[in-house]
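Engineer: I would like to see how this sequence folds:
(chains A, B, C and D)
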Protein chains: 2
Amino acid sequence: MHCCIDICQIRCMSKQDFPIIALAGTDQAAGACCPPLVCEPLSTAEAEELASLFKAVADPVRLRLLSLIACHEGGEACVCDLTGAFDLTAPTISHHLKVLKQARLIDSERRGTWVYYWVNPGMLERLSAILGPHAMATA
Amino acid sequence: MHCCIDICQIRCMSKQDFPIIALAGTDQAAGACCPPLVCEPLSTAEAEELASLFKAVADPVRLRLLSLIACHEGGEACVCDLTGAFDLTAPTISHHLKVLKQARLIDSERRGTWVYYWVNPGMLERLSAILGPHAMATA
DNA sequence: CCCCTGATTAGATGGGCATCTAATCAGGGC
DNA sequence: GCCCTGATTAGATGCCCATCTAATCAGGGG
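Structural biologist: Residues are numbered from 1 along each chain as shown, chains lettered A, B, ... in the order given. Here you go, the predicted structure:
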């Protein structure tokens, strides 16, 4: 029962309906919890939506940006705090921040001259849950 | 203390040394558990290694392949079980399986005429842990 | 031994994406 | 009002990758 609750939490975590890759497999199917029919492969539409999210983190610059922002004091960082860590121009950093923001992995706010970014932990947790042991059968 | 143990488990989960994005932030820094210095941004090399892993799952076809394999009875599937689910040619499916295998997300074995694939749960868990609440500060 | 089916490799092509330069927007001081 | 700094947008370019066709490898009958 509890694993089904976990699954529901994952699915209902945001406004959009997000699926998980695959649910409990053979081992748990034998128990009272999750019936076999729960293991349902991703639909094409679901896979495309998820893939676009994973694409946002599948870039070394964006991974480091996430890391730098999360590690920065107060959990937020201004763009000028970030550009120095890369051998890239400001527009390129801006582009990557935009990609992360469109994926809702980060959010931002302007305060006077500077724009501050912070991580949206809910989105990361959702991606984590999709790959996690609750979601993928342990073969 | 327990969160630091988790972190070590994540790092030591495989032969290669895999980092995590960012460790416990401000809230836990105040507690007795993880000192502030634990929060260290990804290096360039670490980010590139991780990005290549995420790239492997950042494709709708590969996500569905993972899902189909994990959901298939016995936790494994032959290539001929998979191709029917896509509007793609066999060589394309083969290409995607190769990408997943090179990322060590799946493994395979030939049995007579057919080649069987199964998911490597350890790799998925590692990716999951990197994005999970233990790894990324809750801002 | 030949052929048939399953699966992969090789090579070509087209689209998407990371990056740059140049230009524009936004705030703040003098 | 003007300029300076911070940040983003626009547009161009070059590379990587998903996909295809054609060819090759592997195993099993007849």
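
Engineer: Briefly note if the helix or strand hosting residue A:100 comes near DNA strand C.
Structural biologist: Remark: residue A:100 resides in helix A:90-102, with elements defined by DSSP states H and E. Yes. Applying CB under 7 Å from any atom of the strand, one finds helix A:90-102 touching DNA strand C at A:91, A:92, A:95, A:96, A:99. Backbone N, C-alpha and C define where each C-beta goes, glycine included.

Engineer: Weed out the non-buried ones from the residues you listed.
Structural biologist: Neighbour-count burial (16 or more other CB atoms under 10 Å in any protein chain shown) applied to the residues of helix A:90-102 next to DNA strand C gives A:96, A:99.

Engineer: And DNA strand D, is stretch A:89-104 touching that?
Structural biologist: Yes. Interface with DNA strand D: stretch A:89-104 contributes A:90, A:91, A:93, A:94, A:95, A:97, A:98 (CB under 7 Å from any atom of the strand).

Engineer: Where does pLDDT dip in chain A?
Structural biologist: Scanning chain A for pLDDT under 70 picks out the ranges A:1-38, A:133-139.

Engineer: Mind jotting down where the strands sit in it?
Structural biologist: For chain A, applying DSSP state E gives strands covering A:76-78, A:106-111, A:114-119.

Engineer: mind giving me the domain split of chain A?
Structural biologist: Domain assignment of chain A by automatic domain parsing yields the ranges A:2-53+A:123-131, A:55-121.

Engineer: that older thread, which two in the residues of helix A:90-102 next to DNA strand C are spaced the farthest apart?
Structural biologist: Pairwise distances across those peak at 12.9 Å for A:91 and A:99 (criterion: CB to CB).

Engineer: about what we covered before: with mean neighbour count and distance to DNA strand D added, can I get the strands of chain A in a markdown table?
Structural biologist: Below are those laid out as a markdown table (neighbours: other CB atoms under 10 Å in any protein chain shown; distance: least, CB to the nearest atom of the strand, whole Å):
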| stretch | mean neighbour count | distance to DNA strand D |
| --- | --- | --- |
| strand A:76-78 | 19 | 4 |
| strand A:106-111 | 14 | 6 |
| strand A:114-119 | 19 | 4 |
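
Engineer: how many neighbours does residue A:41 have?
Structural biologist: 20 (other CB atoms under 10 Å in any protein chain shown).

Engineer: before we move on, what about the one 10 residues further on?
Structural biologist: Residue neighbour count, defined by other CB under 10 Å, stands at 20 for residue A:51.

Engineer: Was I right to think it contacts residue B:65?
Structural biologist: No. Under the criterion of CB atoms under 8 Å, residue A:51 makes no contact with residue B:65, lying 11.6 Å away.

Engineer: separation between the nearest residue to residue A:93 once chain neighbours are set aside and chain B?
Structural biologist: Nearest residue to residue A:93, sequence neighbours excluded (CB to CB, 6 or more residues apart in numbering or on different chains): residue A:83, at 5.1 Å. Here the distance between residue A:83 and chain B works out to 14 Å (CB to the nearest CB, to the nearest Å).

Engineer: tally of neighbours for residue A:83?
Structural biologist: Counted with other CB under 10 Å, residue A:83 comes out at 14.

Engineer: got it, and residue A:69?
Structural biologist: For residue A:69, the count of nearby residues is 28 (other CB under 10 Å).

Engineer: which phi and psi does residue A:42 have?
Structural biologist: The phi/psi pair for residue A:42 (degrees, to the nearest 10) reads phi -60, psi 140.

Engineer: since we're on the nearest residue to it once chain neighbours are set aside, how many residues are nearby?
Structural biologist: Distance criterion CB to CB, 6+ apart; nearest residue to residue A:42, sequence neighbours excluded, is residue B:67 at 4.3 Å. Look at residue B:67: counted by other CB under 10 Å, it has 27 neighbours.

Engineer: near DNA strand D, which residues of chain A show up?
Structural biologist: By CB under 7 Å from any atom of the strand, the residues of chain A that approach DNA strand D are A:78-80, A:83, A:90-91, A:93-95, A:97-98, A:108, A:113-115.

Engineer: Good, we can wrap up now.
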